[in-house]
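**Q** here is my input; please provide its structure:
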Amino acid sequence: MEPVTESEVRASFVNCSKGDAKRLPVPRDLDNRPWDDLDFLGWSDPSFAGRCYLVFPTDDRLIGIALRHESNASVRAQMCSICMTTHSRGGVALMTARKVGESGRRGNTIGIYICADLACSLYARRKKTPSLGNQYREDLTADERSERVRDNIAAFIARLGD
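**A** Numbers count the residues shown, from 1 in each chain. Have a look, this model is predicted:
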C-alpha cells in the first residue's frame, strides 16, 4: 500500500457522513506505518471501545469504512475471514459496517469476522503471529496470501453497496 495522508483518509469514507469522517480519530503515526507490508490501513478508535476503521486502496481511489464490534471477547478460537489466521480469546471479532446509501441510512449492516487488531496484512506476511492462535501451513507464498487478503477485503467492501 502507498502511504496516505490524513486528508486522503478522511475523504475516503463511504459509509458515514462527512461530518463523522471529519471527527474520527486518524492515527497520528501515518508516517511510521510499515506501508510496504500493508494491504489496507486499519486502526481502532482509542476513545470509543468497539469502533474501528479500515481504508483500502483500489485501482482508482481509497475506500474507507467505519466498523463496529462488541467489546466483550469470545472465549472460543475463531478464524479471521480476511487472512485465515486463527486466534483465541477475542483475537477475532465480528465487525459490522453500515451499508452505503439509503440502505445504510435505514440501519442495514453487513458483518465479517476479522482480526480484532486489524493486522491481517502482517499475519498474511508472517510478520506477526497470533499470541495463542494458529497460522495454518499452506503452500501459498506470502504474495499469494497478501492477494487473498486484498481479494477478501474487496469482496467485503463490494457487499457494502449491494
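**Q** so Leu118 touches Arg51, yeah?
**A** No. Taking contacts as Cβ atoms under 8 Å, Leu118 lies outside contact range of Arg51: 12.0 Å. Bear in mind the C-beta positions are built from the backbone N, C-alpha and C, glycine included.
**Q** looking at those two, which is more packed in?
**A** For Leu118 versus Arg51, the count of surrounding residues by other Cβ atoms under 10 Å is larger for Leu118: 21 against 17.
**Q** list the contacts for the residue lying closest to the more buried one once chain neighbours are set aside?
**A** Nearest residue to Leu118 in three dimensions, chain neighbours excluded: Gly42, at 2.8 Å (Cβ to Cβ, 6 or more residues apart in numbering). Gly42 sits next to Cys52, Tyr53, Leu54, Val55, Leu118, Ala119, Cys120 when contact means Cβ atoms under 8 Å, 6 or more residues apart in numbering.
**Q** tell me which other helices or strands the helix ranked longest in the chain touches.
**A** Determined from DSSP state H, the single longest helix within the chain is helix 142-160. If you count contacts as 3 or more Cβ pairs under 8 Å, 6 or more residues apart in numbering; DSSP states H and E, helix 142-160 packs onto strand 51-57, strand 62-69, strand 109-115, helix 120-124.
**Q** what's the closest of those to Leu38?
**A** Nearest to Leu38, of all these, is helix 120-124, at 4.8 Å by Cβ to Cβ.
**Q** tell me which of the helices and strands packed on helix 142-160 sits most buried.
**A** Highest mean neighbour count among those (mean count of other Cβ atoms under 10 Å): helix 120-124, with a mean of 25.
**Q** residues contacting that helix, please?
**A** So helix 120-124 is contacted by 1, 34, 37-40, 42, 80, 82-83, 85, 114-115, 128-130, 135, 142, 145-146, 148-149, 153 (Cβ under 8 Å, 6+ apart).
**Q** next one, pLDDT for the residue in the chain sticking out farthest from the centre please.
**A** In the chain, Asp139 marks the outermost C-alpha relative to the chain mean, sitting 24.6 Å out by Cα atoms, centre = their mean. Predicted confidence (pLDDT) for Asp139: 85.
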